[in-house]
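**Student:** what's the 3D shape of this:
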Amino acid sequence: MPRKLEQKPELEPPPEWFDEVRRRSEDSATGYKCIEAMAPRTAAIALWMKAQGVSNKQVSKRTGLSYTAINGLCWRNADTLETKRKEFSQKYAIAAQTFTDLLFDKADQLAENPEQLVTISPDKLALTVGIMTDKAAQLSGMAGVVIEHRKGASISDAAKVIFDAKARIAEKIRGTAIDVEIVPA
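**Tutor:** Numbers count the residues shown, from 1 in each chain. Next up, the predicted model:
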């Protein structure tokens, strides 16, 4: 029997998560002023969602917390978040593998019965595999974006070239210009 895969984040943390957040608020240097102490349930839900890679916008919408409050919460609980992110990363990696297997199964079905090609779009499964793989990489801390540094002219070098070109053009115009005197008639 196939397993049911959850695609949405788990919004409700387990009871021990609430206890952890409450304990951390007692240990916090900010004490009673932090969200963990003032609204431990809201803080726990926000941290639970952030551990799963949910955006600040979605967390704010669900909890009513501002982006600043969410970022502060994440900052104060970075080590706890990292531990949970690794757990969720494994879940997403398993789901990605399952969807990869389904994609290969679908490809086999399509190879055996070409009429099914009209009814199913394998790009939807491929997209799902890509999303789940990306999510697993994101939560495990792998780079999502690679920045390439190329050597070449800098902006200041380009500005100097443009300035020199304008100076040459101006000098050329001055060299071919004729002085004239306008005499009133």
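**Student:** mind giving me the domain split of this structure?
**Tutor:** The chain resolves into domains spanning 15-76, 81-139 when parsed by automatic domain parsing.
**Student:** mind checking how far residue 176 is from residue 170?
**Tutor:** Applying C-beta to C-beta, to the nearest Å, the value for residue 176 to residue 170 is 11 Å. Backbone N, C-alpha and C define where each C-beta goes, glycine included.
**Student:** Neighbour count: the two, which is higher?
**Tutor:** Under the criterion of other C-beta atoms under 10 Å, the comparison of residue 176 against residue 170 puts residue 170 first, with 10 against 6.
**Student:** On the three-state scheme, the more buried one is what?
**Tutor:** Secondary structure for residue 170, judged by DSSP: H, G, I helix; E, B strand; the rest coil, is helix.
**Student:** now it: how far from residue 164?
**Tutor:** 11 Å.
**Student:** Does the helix or strand harbouring residue 46 pack against any helices or strands, and if so which?
**Tutor:** Per DSSP states H and E: residue 46 is located in helix 40-51. With contacts taken as 3 or more C-beta pairs under 8 Å, 6 or more residues apart in numbering; DSSP states H and E, helix 40-51 sits against helix 15-27, helix 35-38, helix 56-63, helix 67-76, helix 78-112.
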